[in-house]
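S.K.: A predicted structure for the sequence below; I have some questions about it.
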Amino acid sequence: MTAQPVPSSPLVHLALPKGRMETGVLALLADAGIRVTFGRRGYRPSLSLEGFETKILKPQNIVEMLHLGSRDLGFAGADWVAELGAELVEVLDTGLDPVRVVAAALPEFAGDDLAQRLPFRVASEYQQLTRAWLERRGLKARVVRSYGATEVFPPEDADLVVDNTATGETLKANGLIIIDELMRSSTRLYANPAALEVPEKRARIERLTLLLRSVLDARQRVMLEVNVAAEHLEAVIAVLPSMREPTMSPLHGARGFALKAAVLRRDLPAIIPEIKARGGTDLVVTALAQIVS
């Protein structure tokens, strides 16, 4: 599935996802300071970022429209890009809506050697991914297309399913166990390769990507501020992680120094007690909105 040429207009034709991905993408844009305004034409909102023409589409259609060249840029799941075999450029992995595409079956079927159960039936929305998985495993099966609620097919209508799952709870609730993982997916920003060859479009795409990445980076970090006496300075700096070097300024009356660093949120439980033990005082943790390094 080779990507097709893009329209000659200097505007970037952006596709926003409809459905499960929509909330996360709109929140990401809002946190980047980009307003999405919905008018009377609800499927054609406007962006406060200049140079973009926007349309709301289902993620699967976004992949197809990017391939056909009617859209330059769009948010979609990596699973559907792989399923449709689209040759697109991944511009940014937002990490939103993470899922696994897995093969699952009832315990009595999963416990057997699949090669001894030929032929069997597999239900899935992912026709191509399923067939590729069967080929890799050296298995032959009839693939039945599902249109949602794939997990309810076994045992009467299918022996095995290939489906996406975030937590595995829906599969578990239907008595299924995961027997293999085909791939991992998340909401990502993709571009038609030809769009990146147009200087005006590439510049606008890079600008949008910079803004979105600044939010994603900020969501992973917090600003940690700490005061420290001169005699404890090096000991505290030794355990204070930062993106490059911590910002340091003298305290009033030459009573020590104030340190400031953007640290990974997940590291806080380990580093806060360590900094305190090494002489750090007056620790303050502040949420960040955007980080541009």
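M.R.: Received the coordinates, thanks.
S.K.: least trustworthy helix or strand in the chain by mean pLDDT?
M.R.: Per-element confidence for the chain was summarised using mean pLDDT, DSSP states H and E. The lowest value among helices and strands belongs to helix 107-110, with a mean of 82.
S.K.: ok now the helix or strand following that helix, how far from the chain's centre?
M.R.: Using DSSP states H and E, the helix or strand that directly follows helix 107-110 along the chain is strand 120-124. Mean C-alpha position of strand 120-124 versus that of the full chain (CA atoms, centre = their mean, to the nearest Å) differs by 28 Å.
S.K.: now do strand 120-124: which elements does it pack against?
M.R.: With contacts defined as 3 or more CB pairs under 8 Å, 6 or more residues apart in numbering; DSSP states H and E, the secondary structure elements packing on strand 120-124 are helix 127-137, strand 141-145, strand 160-165. Just so you know, the C-beta spots here come from the backbone N, C-alpha and C atoms, and that holds for glycine as well.
S.K.: repeat that with 6 Å
M.R.: In terms of contacts (3 or more CB pairs under 6 Å, 6 or more residues apart in numbering; DSSP states H and E), strand 120-124 is packed against strand 141-145, strand 160-165.
S.K.: what about the strands in the protein?
M.R.: Taking DSSP state E to define them, one finds strands in the chain at 12-17, 36-37, 46-47, 52-57, 73-77, 89-105, 120-124, 141-145, 160-165, 177-191, 221-228, 247-250, 257-264, 280-287.
S.K.: OK, contacts around the nearest residue to Leu92 once chain neighbours are set aside?
M.R.: For Leu92, ignoring the flanking residues on the chain, the nearest one in space by CB to CB, 6 or more residues apart in numbering is Leu189 at 4.2 Å. Leu189 sits next to 75, 91-92 when contact means CB atoms under 6 Å, 6 or more residues apart in numbering.
S.K.: neighbours around the closest residue to Arg207 other than its chain neighbours, how many?
M.R.: Nearest in space to Arg207, with sequence neighbours left out and distances taken as CB to CB, 6+ apart, is Leu49 at 7.5 Å. Applying the criterion other CB atoms under 10 Å, we find 19 residues in the vicinity of Leu49.
S.K.: go on, Ala149?
M.R.: By other CB under 10 Å, 11 other residues sit near Ala149.
S.K.: wait, doesn't Gln60 sit right on Trp80?
M.R.: Yes - look at Gln60 against Trp80 with CB atoms under 6 Å: they come within range, at 5.2 Å.
S.K.: so what sits opposite the residue lying closest to Leu134 once chain neighbours are set aside in the bridge?
M.R.: Distances taken as CB to CB, 6+ apart put Ala141 closest to Leu134, at 5.7 Å, once the chain neighbours are dropped. For Ala141, the beta-bridge assignment (DSSP bridges) gives partners Phe120.
S.K.: so Ala141 makes contact with Ser124?
M.R.: No - with contacts counted by CB under 6 Å, Ala141 stays clear of Ser124, the gap being 10.5 Å.
S.K.: more neighbours, the two?
M.R.: Relative neighbour count places Ser124 above the other of Ala141 and Ser124, with 26 against 20, counting by other CB under 10 Å.
S.K.: hmm, Thr130 and the more buried one touching each other?
M.R.: Yes - using CB under 6 Å, Ser124 is in contact with Thr130, at 4.6 Å.
S.K.: intersection of neighbour lists for the two?
M.R.: Taking CB under 6 Å, 6+ apart as the criterion, Ser124 and Thr130 both touch Val162.
S.K.: where's the residue most central in space within the chain relative to Lys140, distance?
M.R.: Within the chain, the residue whose C-alpha comes closest to the C-alpha centroid is Gly95; the distance, by CA atoms, centre = their mean, is 2.3 Å. Between Gly95 and Lys140 the computed distance is 37 Å (CB to CB, to the nearest Å).
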